[in-house]
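K.L.:
Got a predicted structure here, sequence first:
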Amino acid sequence: MRSSIFLPAVFLTILMALPACELFDQDLVPDEPKKIDLRKKSAEIIEADQLFAFELFKQVYTLSDEVNMMISPLSVSYALGMTYNGAAGTTLEAFNEVLHFGDLTNQEVNESYKDLMNQLIHLDEQVEFSIANSIWYKLGYPVLDEFIITNQDYFDAAVEELDFSDPGAVDVINGWIEDKTNDKIRDMLDFIPSDAVMYLVNAIYFNAKWKYQFDPEDTYEGEFHLEDGSAFDADFMKINGSFNYTANEDFTAVELPYGDSTFSMVVMLPTGNNNLDDLVDRMDIDTWNTWFASPTTQNVQIELPKFTYDFKDLLNDPLINLGLGIAFGGGADFSRITPGGDLYISRVIHQTFIDVEEEGTEAAAATIVEIKEISAPVITMFKANSPFLFVIRENSTSAIMFMGKVGRPEYP
């Protein structure tokens, strides 16, 4: 059995396939967006990714103090998906719970990731979209062949053995990320700790022109009002057309399609006494589906500020809060990566970039899962097996009560 389903995406760059639109005074027949045709189990992965996307976004949104933030749940999901192939025992159970895999088998999960990736990157010829995965492991570190082969087969992961002690190793990994994101994600990995043994990396690149482009001559300077009540000047793009529009007591929203309408951006603006915190607090898959169950096609004048920024964050706390804490500590079980499995996730680094202007949108994301070896506690040995001195003292005054030498310890 096969099922056709559309994808979720990031809060502002949301991969949805809602009906197409047409401009004023143009006899355009709306395009029917292409659909991703997935096997039943793959459709279940999409639903799982939707649940994870909203949960992760809410965590990062709540914990971040940045004015602008953005994540790619798809990138994080793929990086964790590769890591999942090395988990066992209660650690594997935690991955299943956090990523909402439910009763899906390991094989079904991997096949679904592969199915989704193969279709996403070929979905719209007018949109440049790529997903790349890689695994880098410490020179000489014993990694199980099954772990490597599985991630090569299902995630198309490039696997490289690398001398982590070489100062240039950071540049090698960063260079791969920069290449796969068209240089939009740069200098992501800051350093390689001495006890790091593996990096699992995902990179996503998206570059698309608006289906209906803004005319740069219509761009004007206007006030953008901040949450604290202050305002600053921003460049606003403007377009009049027939677009999908949603309005309720919480917000108004418009959908701006890219290419052949397979991908689009949904922009949500709080109304009344609501603010962004209120929207994010209510945001989950059920609420989202209710909000956008019945969009209407209306003649809308859209005025949208141009914007570009990047965002970088450590996802340790958000993922721990979602239930993946066991993978970050000494109780982690990654015995499907290396014999013994004395490994844990030390960092999940996430970085994104977006540029929205008159012609379209360019966005990129990368996720790094850093794996360290659980080090045995360092024990300093002191063995008095030769003559030694001793002192007995009163510590508050440092008054010495006794001093002595033991040249030959005898005891009856």
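P.N.:
Right, received. Where do you want to start? These numbers come from a predicted model, not from an experiment. Residues are numbered from 1 along each chain as shown.
K.L.:
So what's the residue count around the residue nearest to Pro270 when sequence neighbours are not counted?
P.N.:
Counting by C-beta to C-beta, 6 or more residues apart in numbering, Pro270 lies nearest to Phe251, which is 5.1 Å off, once chain neighbours are set aside. Every C-beta, even on glycine, is put in place using the N, C-alpha and C of the backbone. Neighbourhood size, Phe251 [other C-beta atoms under 10 Å]: 18.
K.L.:
got it, and Gly331?
P.N.:
13.
K.L.:
Kindly report the same for Ser294.
P.N.:
7.
K.L.:
what about it, which helix or strand?
P.N.:
Assignment of secondary structure by DSSP states H and E places Ser294 within no helix or strand.
K.L.:
Ok, the one 4 residues further on next?
P.N.:
Under the criterion DSSP H and E, the helix or strand holding Gln298 is strand 296-305.
K.L.:
just checking, what packs against that strand?
P.N.:
Judged by 3 or more C-beta pairs under 8 Å, 6 or more residues apart in numbering; DSSP states H and E, the packing partners of strand 296-305 are strand 231-247, strand 251-257.
K.L.:
repeat that for 7 Å
P.N.:
strand 231-247 (3 or more C-beta pairs under 7 Å, 6 or more residues apart in numbering; DSSP states H and E).
K.L.:
List the buried residues of the strand it packs on.
P.N.:
Asp235, Phe236, Met237, Lys238, Ile239, Gly241, Ser242, Phe243, Asn244, Tyr245, Thr246 (16 or more other C-beta atoms under 10 Å).
K.L.:
Name the residues linked to Thr308 by a beta bridge.
P.N.:
Asp355 (DSSP bridges).
K.L.:
in this protein, which spans are helices?
P.N.:
Using DSSP state H, the helices found in the chain span residues 40-63, 73-84, 89-98, 106-120, 145-155, 169-180, 276-282, 285-291, 316-319.
K.L.:
Mean neighbour count, these: which tops it?
P.N.:
By mean neighbour count, with neighbours taken as mean count of other C-beta atoms under 10 Å, helix 73-84 ranks first of these at a mean of 24.
K.L.:
What lies in contact with that helix?
P.N.:
Residues from elsewhere that reach helix 73-84, judged by C-beta atoms under 7 Å, 6 or more residues apart in numbering: 9-10, 49, 52-53, 56-57, 95, 99, 113, 131, 133, 135, 151, 155, 157, 200-202, 204, 315, 350, 365-367, 369.
K.L.:
tally of neighbours for Ser64?
P.N.:
15.
K.L.:
can you pull the contacts of it?
P.N.:
Asp313.
K.L.:
Please determine how far it is located from Ile46.
P.N.:
Look at Ser64 and Ile46: by C-beta to C-beta, to the nearest Å, they are 26 Å apart.
K.L.:
I'd say Lys209 and Gly360 touch.
P.N.:
Yes. With contact defined as C-beta atoms under 7 Å, Lys209 and Gly360 form a contacting pair (3.8 Å).
K.L.:
Mind listing the shared neighbours of those two?
P.N.:
What both Lys209 and Gly360 touch, as defined by C-beta under 7 Å, 6+ apart, is the set Tyr258.
K.L.:
higher neighbour count, these two?
P.N.:
With neighbours defined as other C-beta under 10 Å, Lys209 and Gly360 compare such that Gly360 has more, 21 against 15.
K.L.:
Does the more buried one touch Tyr212 like I think?
P.N.:
No. Counting by C-beta under 7 Å, Gly360 does not reach Tyr212; the two are 10.6 Å apart.
K.L.:
what residue ranges in the stretch 51-200 of the chain score low on pLDDT?
P.N.:
Counting by pLDDT under 70, the stretch 51-200 of the chain contains no low-confidence range.
K.L.:
The stretch 251-400 of the chain now?
P.N.:
376-380, 388, 390-394, 396-400.
K.L.:
So which bits of the strand holding Gln298 are buried?
P.N.:
Thr297, Val300, Ile302, Leu304.
K.L.:
which one of those residues is nearest Glu146?
P.N.:
Leu304 (48.7 Å; C-beta to C-beta).
K.L.:
Nearest residue to the closest one in space, ignoring adjacent ones along the chain?
P.N.:
Met237 (5.2 Å).
K.L.:
Could you give the bridge partners of the closest residue to Thr246 other than its chain neighbours?
P.N.:
Excluding its sequence neighbours, the residue lying closest to Thr246 (C-beta to C-beta, 6+ apart) is Ala253, at 4.4 Å. According to DSSP bridges, the partner residues bridging Ala253 are Thr246, Met268.
K.L.:
what about Ala253, neighbour count?
P.N.:
19.
K.L.:
same thing with Asp156?
P.N.:
Neighbour count of Asp156, defined by other C-beta under 10 Å: 15.
K.L.:
Now do the contacts for it.
P.N.:
Neighbours of Asp156 in contact, by C-beta under 7 Å, 6+ apart: Asn133.
K.L.:
again with the one 3 residues further on
P.N.:
If you count contacts by C-beta under 7 Å, 6+ apart, Val159 has them with Ile135, Ile148, Gln152.
K.L.:
try it again with 8 Å
P.N.:
By C-beta atoms under 8 Å, 6 or more residues apart in numbering, the contact set of Val159 is Ser134, Ile135, Trp136, Tyr137, Ile148, Asn151, Gln152.
K.L.:
Give me the number of neighbouring residues for the residue lying closest to Glu97 once chain neighbours are set aside.
P.N.:
Using C-beta to C-beta, 6+ apart and skipping residues adjacent in sequence, the residue nearest Glu97 is Gly323, 5.4 Å away. When neighbours are counted by other C-beta under 10 Å, Gly323 registers 15.
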